[in-house]
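>>> For reference, the sequence and a predicted model appear below.
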Protein chains: 2
Amino acid sequence: MPLLKVKSAFFLLNISLFPSVSLFLRIGKHLKWTNIMLEELLAYNKKFVESKGYESYITNKYPDKKIAILSCMDTRLTALLPAALGIKNGDVKMIKNAGGVISHPFGSVIRSLLVAIFELGVKEIMVIAHSDCGACHMHSEEMIAKMKARGINPDYIDMMRFCGVDFKAWLDGFEDTEKSVKGTVDFIIHHPLIPSDVKVYGFIIDSTTGELERIV
Amino acid sequence: MPLLKVKSAFFLLNISLFPSVSLFLRIGKHLKWTNIMLEELLAYNKKFVESKGYESYITNKYPDKKIAILSCMDTRLTALLPAALGIKNGDVKMIKNAGGVISHPFGSVIRSLLVAIFELGVKEIMVIAHSDCGACHMHSEEMIAKMKARGINPDYIDMMRFCGVDFKAWLDGFEDTEKSVKGTVDFIIHHPLIPSDVKVYGFIIDSTTGELERIV
């Protein structure tokens, strides 16, 4: 097809960002150490396996409920969300990030949804934001100030801006949770690689009680 | 700073991809319907809240263990991973996608890690891939064939390629799980916005037994 033969500047420049990270490599040693918290966690894991604690969790990779959930990484939801929805191991595919948002039309969230739909039989998607989300009122300039205070080289930040990174679009919070959920649902529904028969719903979950409020 | 004043073609072209999605809007109605599975889930949720099932999960947004976990959306890990690591509600930030990978240096995973570190006090990151991962042996061309068979317009796929979308890089599996974990850990460590004092570890968890194997 003719389109495929065109070596467009768009192509060359859009893929330029990812490899360019190597230019920024910092000089710095990351010590390989194991702290007490990690030691405890690994010791717990050893006991869990030895006592066959896994037996009640055995399932396969196909989600029984044919549902994928896009939600927030928030620490209040780790156990509360599955518990509040009655979700067991094996029921759903769980995609999580800060705010339960989509940062890029060809990023890891859409990739995950495509895998869920085309490889694993998912037919429904639930976008579940939550009350009092930390990603709601974030400000990119405040976070950048924290980065600099922590020792991130300001020249790198300038260089990223020069290379096209829009920190405001990337790091600013969504301000209005309901609007964010609606926007995310709409984005998934209208993504040209998502089949039109996949159902997409939007909710806000209460971070304390686990109560779901239907938005879309 | 001089760098900021340059209106570079890089900038214009790298941000061109996101808004361009609107060009692809499909004609198609997404029916708003509620199926039995969702009805059941919502009914369960109502009972959960009424019976105050949430009381044992109450915590705040700051992760007690100061750990963020990047893992896979796999349905076998939803309950097994927290159980196998002894993770309770409130302990960690949980980031999940297909394969537990990073698709973009300025995408939702790195954004989530930055929020976790600079806004929520995370000091350690665990990358946890798993055995028999569905994202391991994926092939972009096979998935694109499934998309077309499901009714996705081939012209849209051609147009995306024209606009710079590298389906192979985006959708192909990582083939070697250990190598993938090492690559992801390395990518985080060397990302110029991640502070050098943040510790990053890599593991593979057994999808059946929950046993952790340390990779990095």
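Received the coordinates, thanks. All values derive from a computational prediction rather than experimental measurement. Numbering: from 1, shown residues only, chains lettered A, B, ... in the order given.

>>> ok, the closest residue to residue A:120 other than its chain neighbours - how many residues close by?
Counting by Cβ to Cβ, 6 or more residues apart in numbering or on different chains, residue A:120 lies nearest to residue A:62, which is 5.7 Å off, once chain neighbours are set aside. The way it works is simple: take the backbone N, C-alpha and C, and place the C-beta from them, glycine included. Neighbourhood size, residue A:62 [other Cβ atoms under 10 Å in any protein chain shown]: 15.

>>> Is residue A:62 in a helix, a strand, or coil?
At residue A:62 the chain is in coil, as set by DSSP: H, G, I helix; E, B strand; the rest coil.

>>> My guess is it contacts residue A:119. True?
No. Contact criterion Cβ atoms under 8 Å: residue A:62 and residue A:119 do not qualify, at 9.5 Å.

>>> which residues does the residue nearest to residue A:120 contact?
A:120-121, B:75 (Cβ atoms under 8 Å, 6 or more residues apart in numbering or on different chains).

>>> How are the helices of chain A distributed by residue range?
A:2-5, A:9-14, A:17-20, A:36-50, A:80-85, A:108-114, A:120, A:140-149, A:154-162, A:167-171, A:177-190 (DSSP state H).

>>> Mean neighbour count, those: which tops it?
helix A:108-114 (a mean of 26; mean count of other Cβ atoms under 10 Å in any protein chain shown).

>>> average model confidence for it?
Taken as a whole, helix A:108-114 has an average pLDDT of 97.

>>> try stretch A:37-50
Rounded mean pLDDT across stretch A:37-50 is 92.

>>> Please apply the same query to stretch A:139-157.
Rounded mean pLDDT across stretch A:139-157 is 97.

>>> so where's chain A uncertain?
A:1-34 (pLDDT under 70).

>>> care to break it down by domain?
Residue ranges for the domains of chain A, per automatic domain parsing: A:34-132+A:178-216, A:139-172.

>>> May I see those organised as JSON lines, with distance to residue B:148 added?
Output for the domains of chain A, formatted as JSON lines (distance: least, Cβ to Cβ, whole Å):
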{"stretch": "domain A:34-132+A:178-216", "distance to residue B:148": "11"}
{"stretch": "domain A:139-172", "distance to residue B:148": "32"}
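
>>> of these, which approaches residue B:178 most closely?
Nearest to residue B:178, of all the domains of chain A, is domain A:34-132+A:178-216, at 18.0 Å by Cβ to Cβ.

>>> distance between the closest one and the chain's centre?
9 Å (Cα atoms, centre = their mean, to the nearest Å).

>>> just stretch A:177-186 next, same as before
Between the centre of stretch A:177-186 and the centre of its host chain there is 15 Å, according to Cα atoms, centre = their mean.

>>> Serialize the contacts of residue A:62 to a markdown table and add fields for distance to residue B:66.
Output for the contacts of residue A:62, formatted as a markdown table (distance: Cβ to Cβ, whole Å):
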| residue | distance to residue B:66 |
| --- | --- |
| A:120 | 33 |
| A:121 | 37 |
| B:75 | 28 |
